[in-house]
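K.L.:
What follows is a predicted structure for the sequence shown.
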Amino acid sequence: MSQSASQSPLHVAIVMDGNGRWAARRGRPGAVVHLAGARAARGVVDAAAREGVGGLTLYAFSADNWRRPDDEVRALMRLFRRYLHGEAARCVANGVRLTVIGRRDRLDPALLHAIAGAESATAGRTRLHLRIALDYSARDALVAAAALPPTALADPRADLAARLGTVLHDAGPVSDVDLLIRTGGERRLSDFLLWESAYAELWFTPTMWPDFDADELRRALADFAARERRFGALPAASTAAPAAHG
């Protein structure tokens, strides 16, 4: 598998899809599926750290998800708050840094307080950087970043990436996604990390998010490792010197 020149730690992003269908097939209420999804997230974070993944971005709540019924949205926001409170200590113990990317002006004060607490408690952990995308839209973020004043960076791409990080409340430059996974059988990006996924390898699975586990993550990573990433260059075989003939 060819890598980019930077050889940066592997960044995996996941669209956690299929929760509603998982619940419908089992006749479960929404509260149960959201708890099951949170447990799946915990297992995947642990597995990613064990597998040596450097960055993991989970698509938790899109800007379009505000269109869902009010009671469901309120339940999700309460779950996010509890998740952040509950996972902060676990992340500290496991060397995981947790940050939240996306808009914050539409989040309630209690959730903002939980975000600040989790980010502060886990700052400096380096084993894995876990990013939770909350009230996130890649298109909206790009539009907002383009409207910011330019930075002092000479490279236009680095300049836009830095502004994008500011808009998303990201603590550092936006890193490229190496592997983007979508669960639930759908095959689309759904406005997720469009800038960062320019050269991402895509992996789709019919497994619903609550059933996605460490074994499934390992299968995705193994498939990724077998791919040749050329970033526009020729395949390795095409650039090899011709064999001499006796």
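P.N.:
Perfect, I can see it now. All figures in this text were calculated on a predicted structure; none of them were measured in a lab. Residues are numbered from 1 along each chain as shown.
K.L.:
What segments of this structure are helices?
P.N.:
Applying DSSP state H to the chain gives helices spanning 19-26, 30-50, 70-94, 109-122, 138-147, 156-167, 214-225, 236-239.
K.L.:
how much does the second one deviate in direction from helix 19-26?
P.N.:
Inter-element angle recorded for helix 30-50 and helix 19-26: 120 degrees (by axes from the mean of the first three to the mean of the last three CA atoms, to 10 degrees).
K.L.:
what is the mean pLDDT for helix 30-50?
P.N.:
When pLDDT is averaged over helix 30-50, the result is 89.
K.L.:
Quick check, central residue of this structure?
P.N.:
Closest residue to the average C-alpha location of the chain: Thr57 at 1.8 Å, with CA atoms, centre = their mean.
K.L.:
shaky segments in the chain?
P.N.:
Within the chain, the stretches with pLDDT under 70 are 1-8, 29-31, 173, 236-246.
K.L.:
redo that, cut-off 90
P.N.:
Within the chain, the stretches with pLDDT under 90 are 1-9, 18-36, 72, 171-175, 228-246.
K.L.:
what's around Arg182, how many residues?
P.N.:
Per other CB atoms under 10 Å, the neighbour tally for Arg182 reads 23. The way it works is simple: take the backbone N, C-alpha and C, and place the C-beta from them, glycine included.
K.L.:
Just list whatever residues bridge to the residue lying closest to it once chain neighbours are set aside.
P.N.:
Leaving aside its sequence neighbours, Arg182 sits nearest to Val15 (CB to CB, 6 or more residues apart in numbering; 4.1 Å). Here Val15 sits in beta bridges with Tyr59, Arg182, going by DSSP bridges.
K.L.:
separation between Val15 and Arg187?
P.N.:
10 Å (CB to CB, to the nearest Å).
K.L.:
the more surrounded of those two?
P.N.:
A direct count of neighbours by other CB under 10 Å for Val15 and Arg187 places Val15 higher, at 23 against 8.
K.L.:
Would you mind listing the residues in contact with the more buried one?
P.N.:
For Val15, the contacting residues are 59, 180-184, 186, 189-190, 192, by CB atoms under 8 Å, 6 or more residues apart in numbering.
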